[in-house]
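[1] Need a 3D model of the sequence below.
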Amino acid sequence: MGSRAIGISPDGRNVYVASSGSNAIAIFDRNKTTGALTQPSGKRGCIASGGGGGCARAVGLDGANSIAISADGRSVYATSRDSSAVTAFARNRKTGALHQLPGGCLSGLPLPGCTSGEALVAPDVVVVSSDGRNVYAGAFFGNAVVTFSRDPATGALTQPAGAAGCIAESNAACTPGIALGSVEGLAIDRSGSTVYTGSALSNAVAILTRDPSTGVLTQATDGSGCITNALLTGCTTGVQLGGANAVELSTDGKQVYVTSLLSNSVTSFNRSSAGGLTQKRGTTGCLVLLRAPGCSFGRSLSAPEGLAASPDGRNVYVAAFNTGALDVLTRNRVTGRVLQRPGRPGCLAARRRPGCAPARAVRGISSIAISPDGRFVYATSFASNAVDVFRRRG
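    Numbering: from 1, shown residues only. The predicted model follows:
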């Protein structure tokens with residue numbers, strides 16, 4: 001119920017769904033040949049706050065809304081907006097089952113069974129560094145990115161003391177940051193040197209530098225630390241970033257793509273070897289619903305949320321929440337430019353939306369994941385209470 005976010009295990013054997021309406025993580029076995037999903041019965045098929053619905057028992061999953069899986073496949077992490085919590089689970093790599101780690105709940109609220117966390121107010125997104133040493137959460141109402149140290153052996157999380165534990169706007173306990181209003185999207189590059197945010201209230205992308213030895217995040221204030229829709233001291237100005245949401249890096253690490261809910265857009269940025277961003281020029285820098293001066297034209301792109309780039313670098317997929325559409329963008333692997341595929345192959349949508357191929361159970365589509373082999377695309381649809389499975393075609 002209220003399926004909000006999706007993740008696939010690195011081995012491709014399981015799919016995990018953060019279900020905000022059920023206060024749960026639903027667990028699916030995945031057929032790697034057909035892409036089909038089946039949910040195991042009983043406690044192996046789900047874990048929920050209080051063990052509701054016959055699921056395994058957890059604390060801190062009220063309003064579960066984001067999910068991330070460690071590269072070693074041993075740990076699963078979730079954010080839960082109503083619990084203001086980040087929760088940590090050990091994953092059985094043979095069965096896919098989850099059990100909550102001891103102390104596996106950190107919350108900004110005084111919740112029984114949870115450890116107190118600084119700046120953890122309505123977290124909305126979680127990511128794991130590629131080296132497995134840190135987990136980061138974007139706090140929507142905390143206007144912050146919260147840092148956790150991860151024990152590679154157990155997957156357990158601890159928040160570093162003092163300012164090392166978070167970077168935030170207007171929070172004296174954290175490292176000061178700018179353009180971090182309502183963080184909804186997070187991405188971290190493969191080298192682990194840079195973390196990017198989609199900041200909805202700031203209408204911005206923030207660029208944070210990560211110290212790999214400590215996991216601590218810092219931000220430049222010379223204009224290179226953020227790109228915003230409007231003039232803001234310490235940031236560079238960009239376009240079509242109203243309500244910036246999801247952030248995704250291309251597989252080659254040369255581009256960053258951002259969905260923006262209010263601008264109805266996908267924006268494109270070139271990424272330097274040092275992690276800095278510059279928005280692509282002209283129509284290559286933005287793809288917008290209907291028409292916008294200086295941008296490419298997008299269809300069925302109302303309130304885009306989820307975003308995923310294919311492993312082969314050929315496509316970017318976008319979940320348009322209001323439209324109920326999965327938009328298919330082609331990507332130039334040399335320049336990184338994205339354009340929507342023409343005709344019906346360019347979108348799959350419900351209710352016979354003009355110009356799109358038909359799809360089922362995609363109302364409120366919000367999150368996308370692609371199988372490790374690149375053959376299948378999975379999405380959650382909040383208003384349909386569904387997981388959608390698509391076969392990827394050339």
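
[2] Just to check, Arg190 is in contact with Ser130?
    Yes - Arg190 is within contact range of Ser130, at 5.4 Å (criterion: C-beta atoms under 8 Å). The way it works is simple: take the backbone N, C-alpha and C, and place the C-beta from them, glycine included.

[3] mind listing what whichever strand or helix holds Tyr378 pairs with, with the direction of each?
    Under the criterion of DSSP states H and E, Tyr378 resides in strand 376-381. Applying DSSP bridges, strand 376-381 is found paired with strand 365-370 (antiparallel), strand 386-391 (antiparallel).

[4] Nearest approach to Val256 belongs to which of those strands?
    strand 365-370 (16.2 Å; C-beta to C-beta).

[5] starting at the chain centroid, how far to that closest one?
    Its chain's average C-alpha position is 9 Å from that of strand 365-370, according to C-alpha atoms, centre = their mean, to the nearest Å.

[6] Alpha carbons of that strand, in CSV - could you do that?
    Provided in CSV are the C-alpha atoms of strand 365-370 (Å, rounded to 0.1, in the frame of the first residue of the first chain):
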residue,chain,number,x,y,z
ILE,A,365,4.4,6.4,-10.5
SER,A,366,7.3,7.6,-8.4
SER,A,367,10.5,5.5,-8.3
ILE,A,368,12.5,3.5,-10.9
ALA,A,369,15.1,0.8,-10.7
ILE,A,370,16.9,-1.1,-13.5
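
[7] Please identify the buried residues of it?
    365-370 (16 or more other C-beta atoms under 10 Å).

[8] Pick the one among these closest to Ser107.
    Ser367 (22.5 Å).

[9] contacting residues around that closest one?
    Contacts for Ser367 (C-beta atoms under 8 Å, 6 or more residues apart in numbering) come out as 4-6, 305-306, 319, 379-380.

[10] 10 Å instead?
    By C-beta atoms under 10 Å, 6 or more residues apart in numbering, the contact set of Ser367 is 3-7, 17-18, 65-67, 246, 305-308, 319, 321, 378-382, 387.

[11] picking up where we left off before, can you list residues touching both of Arg190 and Ser130?
    With C-beta under 10 Å, 6+ apart as the test, Arg190 and Ser130 both reach Ala71.

[12] For Arg299, grab phi and psi.
    phi -110, psi 150 (degrees, to the nearest 10).

[13] any idea how far Gly177 is from it?
    From Arg299 over to Gly177 the distance is 36 Å, taken as C-beta to C-beta, to the nearest Å.

[14] quick one, which of those two is more surrounded?
    Gly177 (28 against 23; other C-beta atoms under 10 Å).

[15] From what I see, the more buried one and Val145 are in contact.
    Yes - proximity of Gly177 to Val145 meets the contact threshold set by C-beta atoms under 10 Å, at 7.5 Å.

[16] So for these two, which residues contact both of them?
    Common neighbours of Gly177 and Val145 (C-beta under 10 Å, 6+ apart) are 166-168, 183, 197, 199, 206, 208, 217, 219.

[17] would a markdown table of those with neighbour count, secondary structure and distance to Gly54 be doable?
    Formatted as a markdown table, the shared contacts of Gly177 and Val145 follow (neighbours: other C-beta atoms under 10 Å; DSSP: H, G, I helix; E, B strand; the rest coil; distance: C-beta to C-beta, whole Å):
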| residue | neighbour count | secondary structure | distance to Gly54 |
| --- | --- | --- | --- |
| Cys166 | 29 | strand | 37 |
| Ile167 | 29 | strand | 40 |
| Ala168 | 24 | strand | 39 |
| Val183 | 35 | strand | 34 |
| Thr197 | 33 | strand | 37 |
| Ser199 | 30 | strand | 39 |
| Ala206 | 31 | strand | 41 |
| Leu208 | 26 | strand | 41 |
| Leu217 | 25 | strand | 40 |
| Gln219 | 22 | coil | 45 |
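
[18] Redo these as TSV? Include pLDDT.
    Shown next, in TSV, are the shared contacts of Gly177 and Val145 (pLDDT from 0 to 100):
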residue	pLDDT
Cys166	98
Ile167	98
Ala168	98
Val183	98
Thr197	98
Ser199	98
Ala206	98
Leu208	98
Leu217	98
Gln219	98
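
[19] Going by distance to Arg314, which of the residues you listed wins?
    Closest approach between the shared contacts of Gly177 and Val145 and Arg314, by C-beta to C-beta: Thr197, at 26.4 Å.

[20] Name whatever forms a beta bridge with the closest one.
    Leu186, Ala206.

[21] coming back round to it: make TSV from the strands paired with strand 376-381 and add mean pLDDT to it.
    Formatted as TSV, these follow (pLDDT from 0 to 100):
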stretch	mean pLDDT
strand 365-370	97
strand 386-391	97
